[in-house]
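> Fold the following and give me the result.
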Amino acid sequence: MTITEIASKIKGLKSALIFSHVRPDGDTIGSATALRNALISLGINADLVCDSPIPEKFSFIDGVGCYVTPDKITKEYDGYIAVDCSVSSMFGGAYSLFIKNKNTFNIDHHVSNAKYAKYNYVFDNSSNCENVYELLGALNVDITEDIANSLLLGIVTDTGNFAHSNTTAKTLANASDLVSKDANLNYIIYKMFKEQSKARAKLYARVISNATYYLEDRVGVLVINKSDLEEFGAVENMTEGFIDFPMTVIGVEVAISLLEVGDKRYKISLRSKGKVNVNEIASLYGGGGHILASGAMLNGYKEDIIDKLVYNVSQRLE
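The predicted structure follows:
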């Protein structure tokens, strides 16, 4: 569907439940809060749901305090809208709420999107917030300061502060327009990339110091153990951005991060400088994302997982 067609369907709603993915990042939170505020301005009752805690660092975004967990949803809505969710597993336990309803929407920017909803708009912008920005334009919504901050949050985080190769002239133009609407670029960058707790700083030092390299240093691997988190009093969401470090090392083409989330269960993040399509690798394990940035969940011993992933990379490196 086109963005205009999606907007037309959404305009007909009286209420909507907006879904963010588990282990939420700036893009899903920015997309959801911006859309919520926009729908409310149109007289549409809108609520937010996520099957994970919302990291404290996002508390400055208007609407973040309105998130509830799936078990708190007790009423029905006219529409169910997922933002930045490429596959059903990204909903966590909230997927049971989404799938049982017929009037579902999927607004996303991942090339691996499964198009699981009745109405799908999937476009490979740098961030899903750019898609939501276009949607709000189609809805003729005035971009307030709060909405602008939400949208810029997603753009800034998914482009790595405009450093990733997914940053385009269009991305910069959209960001500039949001700043002109009073989005606070400096503050967002500070909160997302500069401010950190002592616990995160100590955890980062441990993880980076234990980085390992394979295939003649073309692959950098980080492992974040639960024991490390516990030792420093850190939590999982503090590890966002860790994977960027191996990508700064000369010669590294692919970075791999393993975050231990359970017994022999790891959240895998993959990054590429361009020679390897990491979405292909993530897809082998039921995950996905983008050509240069993808992820998946894998079970097993970490040594075996690393061996598998390094082998998968080696098959794609020329």
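> From now on I want contacts and neighbour counts done on CA atoms only, so please keep to that.
OK.
> Could you measure from Glu236 over to Ile243?
Going from Glu236 to Ile243 by CA to CA, to the nearest Å gives 13 Å.
> neighbour count winner among these two?
Ile243 (22 against 16; other CA atoms under 10 Å).
> gap between the two ends of stretch 10-24?
Distance across stretch 10-24, first residue to last, is 24 Å (CA to CA).
> Give me the contact list for that stretch.
Contacting residues not belonging to stretch 10-24 are listed as 28-29, 32, 36, 43-55, 77-85, 90-92, 94, 139, 237 [CA atoms under 8 Å, 6 or more residues apart in numbering].
> Drop anything exposed from those residues.
Buried subset of the contacts of stretch 10-24 (neighbour count, 16 or more other CA atoms under 10 Å): 28-29, 32, 36, 44-52, 54-55, 77-85, 90-92, 94, 139, 237.
> Which of the residues you listed fall in strands?
In strands, defined here by DSSP state E, the members of those are 45-49, 79-83.
> would JSON lines of these with pLDDT be doable?
Output for these, formatted as JSON lines (pLDDT from 0 to 100):
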{"residue": "Asn45", "pLDDT": "97"}
{"residue": "Ala46", "pLDDT": "98"}
{"residue": "Asp47", "pLDDT": "98"}
{"residue": "Leu48", "pLDDT": "98"}
{"residue": "Val49", "pLDDT": "98"}
{"residue": "Gly79", "pLDDT": "97"}
{"residue": "Tyr80", "pLDDT": "98"}
{"residue": "Ile81", "pLDDT": "98"}
{"residue": "Ala82", "pLDDT": "98"}
{"residue": "Val83", "pLDDT": "98"}
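> Kindly reformat those as CSV containing distance to Thr157.
Converted to CSV, those look like this (distance: CA to CA, whole Å):
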residue, distance to Thr157
Asn45, 28
Ala46, 24
Asp47, 23
Leu48, 20
Val49, 21
Gly79, 28
Tyr80, 25
Ile81, 22
Ala82, 19
Val83, 15
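> For stretch 135-145, which outside residues touch it?
With CA under 8 Å, 6+ apart as the test, stretch 135-145 has contacts from 3-4, 6-8, 11, 35, 38, 41-42, 181-183.
> Buried among these? Need that as a selection in ChimeraX.
Buried residues within the contacts of stretch 135-145, by 16+ other CA under 10 Å, are selected in ChimeraX with:
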select :3,6,7,35,38,42,181,182,183
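> Can you show me the strands along the stretch 51-200 of the chain?
Ranges of strands within the stretch 51-200 of the chain are 67-68, 79-83, 104-108, 119-122, based on DSSP state E, counting those that start in this stretch.
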